[in-house]
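# model the structure of this input:
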Amino acid sequence: MNLTHMFNKHFLALVLHCVYNIKTTRKTRSIIKYTFKITYSFSKPAFYLNSSHTFAEMLIVLVSLVVCVSSKSLRKYRNHFASFPKYFQFTAPEIQKCRKFDPKLGECLAEKVVDSMHRFKQGNKELGIVPLEPLVIQKLEFGNSGDGPVAIQQVYENLKLFGITAFTIYDSEANFSDENCYWRFKSYGNLVRMEADYKMSGQLLLFPINGHGKSNNTLYECEAVYNTRCEKYTKRNQKHIRMTDFVLKLKPKRIVFGFENLIDGNEQFSNEVLKTINENSEQVYADVAPAINEAIAKIEKEIVNQVFSRVPEDELFLS
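Below is the predicted model:
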């Protein structure tokens, strides 16, 4: 297929839409309008390029197309271009795909998702994936109450979560049919580290806590058990997937807590309290684990649904 055939009436409609409907800058509109002058002929019905155009002019055409289709505001008009040839449609080529009705779908997802986690460490704006290594969480707040030895409220800001892209997935079972949509799996990572600014208040073992400052907590040999369910919905005449239930149980074998200034203004006492906490880290973690699991699961669910909202179901799986 040569360029003359490729840049047909669909391309003309697309660029017209960019010029008159998208909130581009004046400079961008000028570039696209100049493209019209050098490529559109009133004596022919098609939008075309031919050998009479210089390389620079042809390059401007291609740049204009990139500017046009990369515009965020064009996404809301996606449905109007559903009949376009494949080279004009919004697809998800970077997503590693499985066959939806493969009997070994769970195994395939385990492999492809781990691969995608590695490739998307730095994120992907087109798919709505934030950088994953580290995963930055602006604010994470949770707490537990009761008569136990640990009853504290914790707030973490500017939290950086390291290590999640190094996890492997196993014992994976999945079904993405309309009637029964779910994915259950286990995941394992050698280390997860969390750096943040923290505030903490309440009762921790025998100590009244009212601290704030820097924190650096490390979880070793982590097993994560996921149990998720999903549903289907229609958006712009295309079917999408949405996670409805997202349950996580994170089980580290060893935890090392690092909090400065646990007892506000008393460094020596703070260090002694921290030493006692780490000597009883399993008990401390067990008391706060449900709140941590719920908070992390909520964030991961939002990330997954962000991708699913942008990518239709038929683009997530092989046909």
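# right, and Glu107 touches Ser172 too?
Yes: counting by Cβ atoms under 8 Å, Glu107 touches Ser172, with 6.2 Å between them. Yep, even glycine has a C-beta here, placed from its N, CA and C like the rest.
# now the helices for the protein?
In the chain, the helices defined using DSSP state H lie at 3-6, 9-21, 26-39, 55-69, 105-119, 267-279, 281-310, 313-316.
# can you flag the weakest of these by average pLDDT?
The weakest mean pLDDT among the helices of the chain belongs to helix 3-6, with a mean of 42.
# what sits against the nearest residue to Val136 once chain neighbours are set aside?
Distance criterion Cβ to Cβ, 6 or more residues apart in numbering; nearest residue to Val136, sequence neighbours excluded, is Lys160 at 5.7 Å. Counting by Cβ atoms under 8 Å, 6 or more residues apart in numbering, Lys160 makes contact with Pro134, Leu135, Val136, Ile137, Met194, Glu195, Ala196.
# which of the residues you listed are buried?
Pro134, Leu135, Ile137, Met194, Glu195, Ala196 (16 or more other Cβ atoms under 10 Å).
# now these as JSON lines including distance to Asn261?
Formatted as JSON lines, these follow (distance: Cβ to Cβ, whole Å):
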{"residue": "Pro134", "distance to Asn261": "23"}
{"residue": "Leu135", "distance to Asn261": "25"}
{"residue": "Ile137", "distance to Asn261": "21"}
{"residue": "Met194", "distance to Asn261": "17"}
{"residue": "Glu195", "distance to Asn261": "15"}
{"residue": "Ala196", "distance to Asn261": "14"}
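# now, those that are in strands?
Among these, the ones falling in strands (DSSP state E) are Leu135, Ile137, Met194, Glu195, Ala196.
# distance check, the residue nearest to Val136 against Gly143.
21 Å (Cβ to Cβ, to the nearest Å).
# before we move on, what about Leu206?
19 Å.
# neighbour count: these two, which is higher?
For Leu206 versus Gly143, neighbours defined as other Cβ atoms under 10 Å are more numerous around Gly143 (14 against 8).
# next one, pLDDT for the nearest residue to that one once chain neighbours are set aside please.
Nearest non-adjacent residue to Gly143, counting by Cβ to Cβ, 6+ apart: Gln153, 3.7 Å away. pLDDT, Gln153: 90.
# isn't Gln153 up against Gln203?
No: Gln153 is beyond contact range of Gln203, at 10.4 Å (criterion: Cβ under 8 Å).
# any idea how many residues pack against Asn221?
If you look again at residue 221, you'll see it is Glu, not Asn. Glu221 has 13 neighbouring residues, counting by other Cβ under 10 Å.
# circling back to that earlier point, neighbour count winner among Glu107 and Ser172?
Using other Cβ under 10 Å, the more surrounded residue of Glu107 and Ser172 is Ser172, with 20 against 16.
# now do the same contact list for that one.
Gly106, Glu107, Leu109, Ala110, Trp183, Arg184, Phe185, Lys186.
# cool, Gln203 as well?
Taking Cβ under 8 Å, 6+ apart as the test, what Gln203 contacts is Pro149, Val150, Ala151, Ile152, Ile209.
# buried ones among those residues?
Val150, Ala151, Ile152, Ile209.
# what about the last one, distance to Glu173?
In other words, Ile209. Here Ile209 is placed at a distance of 41 Å from Glu173 (Cβ to Cβ).
# tell me the contacts of Pro252?
Contacts for Pro252 (Cβ under 8 Å, 6+ apart) come out as Val192, Leu219, Tyr220, Glu221, Cys222, Glu223, Tyr285.
# distance to Phe120 for those residues - can I get that in CSV?
Below are those laid out as CSV (distance: Cβ to Cβ, whole Å):
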residue, distance to Phe120
Val192, 18
Leu219, 22
Tyr220, 25
Glu221, 25
Cys222, 20
Glu223, 23
Tyr285, 29
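# so which of those sit within strands?
Val192, Leu219, Tyr220, Glu221, Cys222, Glu223.
# now, which of the residues you listed sits nearest Asn305?
Val192 (22.4 Å; Cβ to Cβ).
# per-residue pLDDT, the closest one?
pLDDT recorded at Val192 is 95.
# counting neighbours, what do you get for Phe308?
The burial count assigned to Phe308 is 20, neighbours taken as other Cβ under 10 Å.
# isn't it up against His240?
Yes: counting by Cβ under 8 Å, His240 is a contact partner of Phe308 at 5.8 Å.
# pLDDT below threshold where in the stretch 101-250 of the chain?
Within the stretch 101-250 of the chain, the ranges that satisfy pLDDT under 70 run 145-147.
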